[in-house]
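>>> quick check, what structure comes out for this input:
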Amino acid sequence: MKYRRLGKTNLKVSVVGIGTWQYGGEWGKNFDEGEVKKILDRGFDLGFNFIDTAECYGDHLSERLIGKAVKEKRKEWIIATKFGHKFISHLNRETVWDVAGVKKQLEDSLRALQTDYIDLYQFHSGNDEVFNNEELWLMLQNEVKAGKIRHLGISISNKDGINSLEQTKSASKVGAEVIEAVYNRLEKYPEEEIFPACIEQDLGVLARVPLASGLLSGKYKKGTVFSDNDVRASKDHKQIDLQLEEIEEIMKNEVPAGVNMAEWAIAWSLKHDAVSTCIPGFKNIEQLESGAKAADLEMVSAEHPQAWK
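Numbers count the residues shown, from 1 in each chain. From the prediction side, this is the model:
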């Protein structure tokens, strides 16, 4: 495993982290405590030290599973979670942005994770109106001073009402030190303006969805149908088929012979100078071990600007 500096947080993070939306039960599979512990224990042995989760991945369910699994090694793991959305039911959320509501979310996350501090607490894809709430950021900065939060971050989105560039440019002003953004071989928009703004402020960058929701794993073909309890079933099937056509061309023209497609895609997401770590969602130990191998590919340069020295 290779490691990088997470921007001005100066945290040492594994270049491949562990995304955990799947533990909330919305990716076609339910997880139990034993499964999650085995995955995270193996991850620890392989050098992973970064976990990304959220309050709404099953009503704090992902957080609870993680909390139980890493309790004995809490100080060895860097844990990021998020706020702003309350789980109601499968793919159904209620937004919570008022100061009291977010403070309650923080306490609930601390309890679920069985910890007295969160390494990285992230504003989770909120619109500009709720982002520009000085009272909210002041409360969060006070929780940093109190030690319940180590660092603040912003998980940006391209949904309506969200100006991801302006939120990124405002990061330092609100006390955020990390940006989380969708970034993979199919979705490269952050390269244009988001990443330059991150480099300018020395922000850490988490590349989420590095496998394009699994499509860049190379195992799916046109016409694939996902189960009803899988978030991908709600996506436009025609758009998925177009992406799969593009992926076939990428496999032919860009992926070196003998290199696993998923490992190549993970390594690709780590090439840009702005990216600190990526956070694929591993469903099993086999996928986790493949993710660890990605860190060893030459594409993941030891000379990266954020490489841990």
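>>> can you give me the helices in the stretch 51-200 of the chain?
61-70, 99-112, 128-131, 134-146, 164-169, 171-174, 194-201 (DSSP state H, counting those that start in this stretch).
>>> can you give me the distance of residue 96 to residue 83?
7 Å (C-beta to C-beta, to the nearest Å). In this view, the C-beta of every residue, glycine as well, is placed from N, C-alpha and C.
>>> and for residue 116?
From residue 116 over to residue 83 (counting by C-beta to C-beta), the distance is 17 Å.
>>> mutual contacts of residue 96 and residue 83, please.
In terms of C-beta atoms under 8 Å, 6 or more residues apart in numbering, residue 96 and residue 83 are both contacted by the residues 102, 105.
>>> more neighbours: which of those two?
residue 83 (27 against 19; other C-beta atoms under 10 Å).
>>> apart from its neighbours in sequence, what residue is nearest that one?
What sits nearest to residue 83 in space, not counting adjacent residues and going by C-beta to C-beta, 6 or more residues apart in numbering, is residue 105, at 4.6 Å.
>>> also residue 165?
residue 193 (5.2 Å).
>>> with residue 270 instead?
Going by C-beta to C-beta, 6+ apart, residue 270 has residue 300 as its nearest residue, at 5.0 Å.
>>> so who does that neighbour touch?
Contacts of residue 300 (C-beta under 8 Å, 6+ apart): 2, 15, 267, 270-271, 294.
>>> who are the contact partners of residue 162?
125-128, 156.
>>> so how far is residue 171 from residue 165?
11 Å.
>>> the more surrounded of those two?
residue 171 (22 against 16).
>>> that one: what's it in contact with?
With C-beta under 8 Å, 6+ apart, residue 171 has these contacts: 154, 177, 179, 198, 201, 203.
>>> what sits opposite residue 122 in the beta ladder?
residue 82, residue 153 (DSSP bridges).
>>> correct me if wrong: it contacts residue 154.
Yes. The criterion here is C-beta atoms under 8 Å, and residue 122 meets it with residue 154 at 6.3 Å.
>>> overlap of the contact sets of these two?
Counting by C-beta under 8 Å, 6+ apart, the residues touching both residue 122 and residue 154 are 178, 180.
>>> burial measure for residue 2, as a count.
Neighbour number of residue 2 under other C-beta under 10 Å is 17.
>>> return the distance of it relative to residue 151.
Taken as C-beta to C-beta, the span from residue 2 to residue 151 is 21 Å.
>>> below-threshold pLDDT in the chain: ranges please.
Along the chain, segments meeting pLDDT under 70 are nowhere present.
>>> secondary structure class for the residue located most distally from the centre of it?
Computed with C-alpha atoms, centre = their mean, the residue of the chain farthest from its C-alpha average is residue 257, at 28.9 Å. Under the three-state scheme (DSSP: H, G, I helix; E, B strand; the rest coil), residue 257 adopts coil.
>>> what's the span of stretch 253-265, first residue to last?
13 Å (C-alpha to C-alpha, to the nearest Å).
>>> do stretch 210-230 as well
18 Å.
>>> that one: which residues count as buried?
210-218, 220, 226, 230 (16 or more other C-beta atoms under 10 Å).
>>> same question for stretch 77-94.
Buried residues in stretch 77-94 (16+ other C-beta under 10 Å): 77-87.
>>> with stretch 27-37 instead?
So stretch 27-37, judged by 16+ other C-beta under 10 Å, has buried residues 27-28, 31, 35-37.
>>> equivalent analysis for stretch 251-266, please.
Result for stretch 251-266 [16+ other C-beta under 10 Å]: buried residues 255, 259-266.
>>> need the helices of the stretch 51-200 of the chain in a markdown table (columns: distance to residue 278).
Output for the helices of the stretch 51-200 of the chain, formatted as a markdown table (distance: least, C-beta to C-beta, whole Å):
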| stretch | distance to residue 278 |
| --- | --- |
| helix 61-70 | 18 |
| helix 99-112 | 23 |
| helix 128-131 | 24 |
| helix 134-146 | 25 |
| helix 164-169 | 18 |
| helix 171-174 | 19 |
| helix 194-201 | 14 |
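>>> most tightly surrounded among those?
helix 61-70 (a mean of 24; mean count of other C-beta atoms under 10 Å).
>>> just want the angle from it to helix 99-112.
Between helix 61-70 and helix 99-112, the angle comes out at 40 degrees (axes from the mean of the first three to the mean of the last three C-alpha atoms, to 10 degrees).
>>> most neighbours out of the contacts of residue 300, which is it?
residue 15 (29 neighbours).
>>> all strands of the stretch 201-309 of the chain, in order?
With DSSP state E, counting those that start in this stretch applied, the stretch 201-309 of the chain shows strands at 204-208, 277-279, listed in chain order.
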